[in-house]
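Asker: When you get a sec, could you give me coordinates for this:
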Amino acid sequence: MIYTLTVECVAGAYLKKECIRVIEIDENASLADLHEAIQDAVKFDRDHLYDFYAGRLPRHRKVLFSDDDDWEDRKSKYREITLNQVYPLKNLKLYYFFDYGDSWLFEIKKMRKLKEAEPGRSYPRVIERRGPNPTQYPRWG
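Answerer: The predicted structure follows:
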């Protein structure tokens with residue numbers, strides 16, 4: 001089955017305009033796969049650490065999907081945890097935090113309705129874009 005996720009950039013050092021991407025992704029995709037899909041959707045470089053957590057508000061980390069101190073251990077867990085293990089979250093929202101210096105934060109909402117994978121279609125894929133990509137690194141002139 002395919003999940004439809006609305007991914008909104010809600011904070012970041014250089015966020016200036018609304019940035020929302022709607023992504024279709026297989027329910028068996030890992031959190032690491034979701035990280036890659038978000039990076040592709042906003043055209044960021046994959047050059048910083050990241051985390052996933054769930055909470056009621058962006059800074060309220062109620063469920064940590066990995067709290068390992070060692071990054072390699074956390075990254076390994078993110079490759080193992082699938083989206084169908086994460087959902088349902090029951091009154092919590094999923095957050096993706098990227099780059100601890102510039103603090104990019106994305107809120108992820110799953111549509112309730114699942115759909116069948118379309119033959120010949122590759123996933124994940126962006127099906128809707130609202131707003132420009134955030135500027136990951138501004139040019140200082």
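Asker: Determine the longest strand present in this protein.
Answerer: strand 2-11 (DSSP state E).
Asker: so for the helix or strand following that one, what's the average pLDDT?
Answerer: Next along the chain after strand 2-11, taking DSSP states H and E as the criterion, comes strand 20-26. Mean pLDDT, strand 20-26: 98.
Asker: coming back round to it: hmm, who's touching the longest strand of the chain?
Answerer: Applying Cβ atoms under 8 Å, 6 or more residues apart in numbering, the set of residues contacting strand 2-11 from outside is 15, 18-27, 34, 38, 41-42, 58, 83, 87, 96, 103-111, 113-117, 123, 127, 134. All C-beta spots, glycine's among them, are computed from the backbone N, C-alpha and C.
Asker: try stretch 124-141
Answerer: Stretch 124-141 is touched from outside by 4, 9, 12, 14-26, 29, 33-34, 36-37, 40-45, 102, 104, with contacts defined as Cβ under 8 Å, 6+ apart.
Asker: For those residues, which PyMOL command selects only the ones that are buried?
Answerer: PyMOL command restricting those to the buried ones, with burial defined by 16 or more other Cβ atoms under 10 Å:
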select buried, resi 4+9+12+15+19+20+21+22+23+24+25+26+29+33+34+37+41+42+44+104
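Asker: Where do the strands of the chain begin and end?
Answerer: According to DSSP E, the strands that the chain contains are 2-11, 20-26, 50-55, 63-64, 93-98, 104-110, 125-130.
Asker: Those: lowest mean pLDDT?
Answerer: Lowest mean pLDDT within the strands of the chain: strand 63-64, at a mean of 79.
Asker: helices or strands up against that strand?
Answerer: In terms of contacts (3 or more Cβ pairs under 8 Å, 6 or more residues apart in numbering; DSSP states H and E), strand 63-64 is packed against strand 50-55.
Asker: Direction included, what does the strand it packs on pair up with?
Answerer: strand 63-64 (antiparallel), strand 93-98 (antiparallel) (DSSP bridges).
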